[in-house]
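Chemist: below are the sequence and a predicted model; questions follow.
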Amino acid sequence: MTLQELYVEIGGDYAEVRGRLPSDKFIQKFVLKFVDDKSYELLLSSLEQGNGEEAFRAAHTIKGMCQNLGFTMLMDSSSQLTEALRGGSLTPEAGPLAEKVKADYEKTVGAIRAFQEGLAT
Amino acid sequence: MTSSNKQKILIVDDSEMNRSILVDMLEGEYETMEAEDGLQAIGLLQSHGPEISLVLLDIVMPKMDGFGVLEVMGRRHWIETIPVVMISAENRSSRVDQAYDMGITDFISRPFDAQIVHRRVKNTLLLYAKQKDLEALVAEQIYEKQQNSALMVDILSHIVEFRNGESGMHVLHVRTLTELLLRRLVEKTDKYNITKEDIAVMSMASSLHDIGKISIDEKILNKPGKLTAEEFAIMKTHSAIGAQMLESLNVYHGEKIVKMSYDICRWHHERWDGRGYPDGLKGDEIPISAQTVALADVYDALTSKRVYKPAFTHEKAVEMIVNGECGAFNPLLLSCLEDISGDIAEEMAPKEFVGPSKAELSDMLQSFSQHRELSASNRTLQLLEHERMKYSFFAAMSKEVQFEYNITPPMATLNSWGAKWLGVEEIVMDPMHNKEITSLLAPEDWHSIFEMLEATTPERPYATYECRLAHKGKWRWFRFVMQTVWEGEEPAYMTGTIGKAVDIHDMRTNLESLQRAASYDGLTDLLNLTSARKQIEARMKAHPDSNYALAFFDLDHFKNANNTYGHAFGNQVLAHVADLLRQNVRGADIAARVGGDEFIIFLEYSQELEAVIRRIYRSISGGEFQGFTVSMSMGVATSEVVEPVFTDLLKAADQALYAVKQSGRGRFQFYDSSLRSLKHTGSYADQSLSPIESGDGGEEA
């Protein structure tokens, strides 16, 4: 899988990212780094504990990273979740939006992992 | 890579990935520092302030968000010297406006674009670098720098004049006339935003208008008679060449004088109608400095004698200029020329050029210092940093907790030694709602401290307070020395407090143990005579109607114990007796060792005194301590028989004790009047109570 193919797979905008960030190497470095970021776990645990403020920050961070990396699909869902959590309360619409973020995140991270394995071989 | 050459950028973002993207984008050209929340950022700004050239600041962060950081930076005036570029996906304009209001210089929105990040960072740094240059001019360096610039201007312009074969007065004339014209111009209009400082700098810079002539062949420069078209074309290059020379001037690059000189050199041959050279600028496209110098230049050329022409009179010259015979000029400037016409002759009279006058300098200083509320040169900052280092070193040595409390936003800052020692953060937001902080002092002490601080005034801002402070679960005595900080006038308002807490625990406990040592006998830990007397007198004074008894006893054959077993053993015997004594008197009784092997017991009684005395006597006397038989002789005086006065009671008890000794020891006896005649000298009562104050053993038995 190429970097470009990865972006297609995860509903990202490769051309846009390539225009902003200095090189493929640069992009790849941070795409791989995305997998290790703890914000997603923080989002899940704070949702579980009903900590709306922390969930908002975690969703906001995920959204920011996706913006920077051009992960359009996950950015959209995390952005919607961020807005639903803004103000720090767990609104009723936050539940389904969080499910969407989970699905998009798993898909994104799964594809990145596959891409990474492809690099190793 | 060394840290000294690169500018340092502080990146504040809670997302590690976003920080590393920025670090990757900026590294190489800049040095970066990272903070993952607002509090950390404030901490780094506090400790590395002068080194940090720029802050990239996220908005949404835990602990303290970006707005919190801006608020603190504003309060502490950091924002005036450290530019902040906000980074965020926040794109709601109210938030953006708020951030600009709080002093940010620029905004970078996510997603990051490497080009934009670079450009914003670079522009902001440049902008502030200029500002810093200006500030650097303000303080102690201004005079020296101005002298240097004046010297540079002087040297360069004289070189030109020398080669030009001009009178030597041309530069001075142009300079004077430029200044007169500009002064008149700002009286007439504020269209050009010219400050007093600008006038001073423009006038000085005017001297350099012809430096480009250095590069022109002397034959052309000093040719008597008209130049050929080709020669004129060469001559015309002097304005662009002069500008180029200034541009490549490394030393003064970026300074206002150089920028103004550049404008003047390049464009002092432009004309209002666009028919000048080298760029054919028109109207106010030409910088006002260059327009003014152009007019002054032409006026002086007309009124001076040159190799190719005679000198015209002032009237003739003005007439020629106004009629457009020397090219078109800004009508506003022409009317200025006419306005000052009367002053010109007088002002142009020869005077020695000695650089900017004192009045000019003070004008410049004034306008520079108005530029910023708090301007400090880099050197001043370095000196301050040095002082801070010195102070924190000494503070660490003297175990001082230094603190600063800010009322809005509520925030406490501690010196690093203090924070570490107390086990709290160096910066604590809302400290009075932070348990780590509030638990440091007892609630009543906090209350008293705040009361004292509220009672201060701008005239008397000091407060001192001593109380105990919790240190790792133990209380230690501290002295708080505080000064409240005030801002504004009429009325001034309190913005916070600075202060220090000094550990006085050892000093204070030493004092307490000294006090204790003064009242207690070191060997037996019983009261000594002086303090026993004080307590007894106080007791009798408080309850004058009660019955009191004073028992006075010593150990029989104690001298033998000392002589046979040694002093150390004797001391053990005394301590043993003291223990027994303590165990067998009631809480309200007063027991004391009055010296050697002599003790007293003072008690209040209501009935059956003899039974009480017997019990005490038997509990001590008759036992054995490591082979030494403890036996004692005791005399007792009561307030029923003797006046309730300490010395009288003691004297009487002593008489009774003497009687016991006379009759074979080993028992107790009450004093009665029959004993009054008994001859007895050498007692404590007779020596008016001057013996041992704090015991050091039983060696005198």
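Modeler: Received it, and whenever you're ready, just let me know what you need. Numbers count the residues shown, from 1 in each chain, chains lettered A, B, ... in the order given.
Chemist: now for residue B:196, how many residues are close by?
Modeler: By other C-beta atoms under 10 Å in any protein chain shown, the residues close to residue B:196 number 17. Backbone N, C-alpha and C define where each C-beta goes, glycine included.
Chemist: measure it to residue B:202 for me?
Modeler: Residue B:196 sits 11 Å away from residue B:202, going by C-beta to C-beta, to the nearest Å.
Chemist: do the same with residue A:11
Modeler: Going from residue A:11 to residue B:202 by C-beta to C-beta gives 60 Å.
Chemist: what ranges does the stretch 551-700 of chain B have for its helices?
Modeler: Using DSSP state H, counting those that start in this stretch, the helices of the stretch 551-700 of chain B run over B:558-565, B:567-584, B:609-620, B:646-662.
Chemist: list the buried ones in the last one?
Modeler: For helix B:646-662, the buried set under the neighbour-count rule, 16 or more other C-beta atoms under 10 Å in any protein chain shown, comprises B:646, B:648-661.
Chemist: chain A next: which of those residues are close?
Modeler: With C-beta under 8 Å from any C-beta of the partner chain as the criterion, no member of those is in contact with chain A.
Chemist: looking at the chain, which helix or strand is least sure?
Modeler: Went with chain A since none was named. Taking mean pLDDT, DSSP states H and E as the measure, the helix or strand of chain A with the lowest value is helix A:14-20, at a mean of 87.
Chemist: actually chain B
Modeler: helix B:358-371 (a mean of 42).
Chemist: name the residue of the stretch 551-700 of chain B that lies nearest to chain A.
Modeler: With C-beta to the nearest C-beta as the measure, residue B:587 is the residue of the stretch 551-700 of chain B nearest to chain A, at 56.9 Å.
Chemist: from residue B:121, how far off is that residue?
Modeler: Distance from residue B:587 to residue B:121, counting by C-beta to C-beta: 78 Å.
Chemist: the two: which is more packed in?
Modeler: Taking neighbours as other C-beta under 10 Å, residue B:587 and residue B:121 compare with residue B:121 leading, 24 against 4.
Chemist: for the more buried one, what are its contacts?
Modeler: B:9, B:26, B:30, B:54, B:56, B:85 (C-beta atoms under 8 Å, 6 or more residues apart in numbering or on different chains).
Chemist: how about the residues of chain A by chain B?
Modeler: When proximity is defined as C-beta under 8 Å from any C-beta, chain A approaches chain B at A:16-17, A:19-22, A:26, A:29-30, A:33-34, A:37, A:39, A:54, A:56-57, A:60-61, A:63-65, A:67-70.
Chemist: out of these, which are inside helices?
Modeler: A:16-17, A:19-20, A:26, A:29-30, A:33-34, A:39, A:54, A:56-57, A:60-61, A:63-65, A:67-69 (DSSP state H).
Chemist: buried ones among those residues?
Modeler: Buried members of those, scored by 16+ other C-beta under 10 Å, are A:17, A:20, A:26, A:30, A:33-34, A:39, A:54, A:56-57, A:60-61, A:63-65, A:67-69.
Chemist: point out where the stretch 601-701 of chain B drops to low pLDDT.
Modeler: Scanning the stretch 601-701 of chain B for pLDDT under 70 picks out B:678-701.
Chemist: now with 80, please.
Modeler: The stretch 601-701 of chain B contains residues with pLDDT under 80 at B:607, B:673-701.
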